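> need the 3D shape of this:
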Amino acid sequence: MMYVVSPTDDLSSVPATRKLFRATPAEGRELIVVPTGHAQAMLYPDDALFADPPSGRTFDRVLAFLDENVR
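The predicted structure follows:
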């Protein structure tokens, strides 16, 4: 399970997401707290919002997580 959350997202909170993260079995979990954004906007760097194709550190981490955990 991967959790991606931002303190500026008004539909979720970092503390609530951390609580869910702690309740998830340790194997195959990851938590990413990004500085800003909501939904898919969290996957893009600030200077490339909705670039095609997507890129950036968070997007790369999501792809790596999927590669490691989806069979």
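> drop to CA atoms for contacts and neighbour counts, all remaining ones
Noted.
> where do the strands of this protein begin and end?
Secondary structure of the chain (DSSP state E): strands at 2-5, 30-33.
> what is the longest helix along the chain packed up against?
As assigned by DSSP state H, the longest helix anywhere in the chain is helix 57-69. Using 3 or more CA pairs under 8 Å, 6 or more residues apart in numbering; DSSP states H and E as the contact definition, helix 57-69 packs against no other helix or strand.
> any idea how far the closest residue to residue 62 other than its chain neighbours is from residue 69?
Counting by CA to CA, 6 or more residues apart in numbering, residue 62 lies nearest to residue 2, which is 7.9 Å off, once chain neighbours are set aside. Distance of residue 2 to residue 69, computed by CA to CA, to the nearest Å: 10 Å.
> of those two, who's got more company?
For the pair residue 2 and residue 69, the greater number of neighbours falls to residue 2 (16 against 13), based on other CA atoms under 10 Å.
> okay, and the beta partners of that one?
With DSSP bridges as the criterion, the beta-bridge partners of residue 2 are residue 30.
> surely it touches residue 27?
No - taking CA atoms under 8 Å as the definition, residue 2 is not a contact partner of residue 27, at 11.1 Å.
> now residue 34. Nearest residue, chain neighbours left out?
residue 6 is the one closest to residue 34 (CA to CA, 6+ apart), at 5.1 Å.
> identify the residues contacting the one you found.
12-14, 33-38, 42 (CA atoms under 8 Å, 6 or more residues apart in numbering).
> how about a cut-off of 10 Å?
By CA atoms under 10 Å, 6 or more residues apart in numbering, the residues touching residue 6 are 12-14, 17, 32-39, 42.
> from these, which ones fall inside helices?
Counting by DSSP H, the part of these found in helices is 14, 17.
> top of the contacts of residue 6 by neighbour count?
residue 42 (23 neighbours).
> having no further points to raise, I will conclude here.
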